[in-house]
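In: Starting from these lines, generate the structure:
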Amino acid sequence: MARRTRHAALALFPVLALAATMTACATKVNTGSQDSGSGITLVQSGKLVTCTHLSYKPFQFSEGDKTVGFDVDLVDLVAKELNVTQEIFDTPFENITSGTVFATSECDLAAAGMTITEERKKAIDFSDPYFDASQALLVKKDSPVKDLPDLKGKRLGVQQDTTGEEYANKNAEAHGYTVVEFEDLPLLETAVRTGAVDAAINDNGVLYDYAKEFPDTAVTREFETGESYGIGLKKGNTALQAKVNEVIKKAKESGEYDRIYEKWFGKKPEKK
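Out: This next block holds a predicted model:
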């Protein structure tokens, strides 16, 4: 019977970073009240506040005094349409998936490499899917572990409140490994390199990016879980949801989405 343990992690402090200033004039927005034209209300005047959980490279991470990444660039397109600037607010991931950040008006939307799930849809609304993902296994390059069956009697690291954690727990009893939780992705990835865990499971995009940066690690297996990322919004915020969907659609049609994708992943997205 597999068991579960919790790995203590230091609390993260909120990090604020401003994205590039936008110049194009577009939809009129309000703060604090509904606008009869657009119906879009923002929590801060002149800003589109995006909640995220750092670091989740290459989707969102700190580079100097700025927060950058694929998700940041994508939401910048929304901010440009609204003629405002994007501001990043770092917060625990569970505060996003539970809807707490929207209930307390901390942000307008959430972009955090976040998979759309039925459970999460009970607490928050999502945009149309903008990125396809699957789960993957990260190990030390010389590790004999290639797949979940190789982890019998060993330790598998997961990030708390993620679909990777769900997948690991679902398969733990069958393969006889111990699930070890970490608060964020960097702690999880580092645990593989230090030997604190024998392997880690998380989304394929971030693990391939890590293995490229740290060649002493390798991704040995992908698990086709059929996941899609969506931008999170407050329940019932249909006006902003419609605008986000419009921007995503326009970006894909114009080629701007492909440009941003290639910038962060080194290749164009595969066409369905």
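In: Next, count neighbours for Lys122.
Out: As a burial measure, the neighbour count of Lys122 was computed by other C-beta atoms under 10 Å and equals 11. Yep, even glycine has a C-beta here, placed from its N, CA and C like the rest.
In: Can you name the helix or strand that Ser81 falls in?
Out: Check again: residue 81 is Glu, not Ser. Assessed by DSSP states H and E, Glu81 sits inside helix 70-82.
In: Check Lys212 too.
Out: Counting by DSSP H and E, Lys212 is found in helix 204-213.
In: Rounded mean pLDDT for that helix, please.
Out: The predicted model gives helix 204-213 an average pLDDT of 95.
In: follow-up on the earlier one: and the angle for the helix holding Glu81 with helix 204-213?
Out: Taking axes from the mean of the first three to the mean of the last three C-alpha atoms, to 10 degrees, one finds that helix 70-82 is oriented at 120 degrees with respect to helix 204-213.
In: Low-confidence regions, the stretch 1-150 of the chain specifically.
Out: Regions of the stretch 1-150 of the chain meeting the criterion pLDDT under 70 cover residues 1-38.
In: And for the most centrally placed residue in the chain, nearest residue in space, chain neighbours not counted?
Out: Note on the chain: the residue nearest the mean C-alpha position is Gly113, at 1.8 Å, using C-alpha atoms, centre = their mean. Among residues not flanking Gly113 along the chain, Phe59 sits closest, at 4.0 Å (C-beta to C-beta, 6 or more residues apart in numbering).
In: re earlier: so what secondary structure elements neighbour the helix holding Glu81?
Out: Judged by 3 or more C-beta pairs under 8 Å, 6 or more residues apart in numbering; DSSP states H and E, the packing partners of helix 70-82 are strand 47-52, strand 85-90, helix 238-254, helix 256-265.
In: Need the winner for burial among the ones you listed.
Out: For the helices and strands packed on helix 70-82, the stretch with the most neighbours on average is strand 47-52, a mean of 25; neighbours defined as mean count of other C-beta atoms under 10 Å.
In: that older thread, hmm, who's touching the helix holding Lys212?
Out: 56-59, 113, 131, 133-138, 185, 189, 200, 217-219, 222, 265 (C-beta atoms under 8 Å, 6 or more residues apart in numbering).
In: Can you select the buried ones among these for me in PyMOL?
Out: Command for PyMOL that selects the buried part of the contacts of helix 204-213, burial taken from 16 or more other C-beta atoms under 10 Å:
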select buried, resi 56+57+58+59+113+131+133+135+136+137+138+185+189+200+217+218+219
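In: packing partners for whichever strand or helix holds Lys170?
Out: Assigned by DSSP H and E, Lys170 falls within helix 163-175. Packed against helix 163-175 by the contact rule (3+ C-beta pairs under 8 Å, 6+ apart) you find strand 131-140, strand 155-159, strand 178-182, strand 199-203, strand 217-229.
In: Perfect, that will be all.
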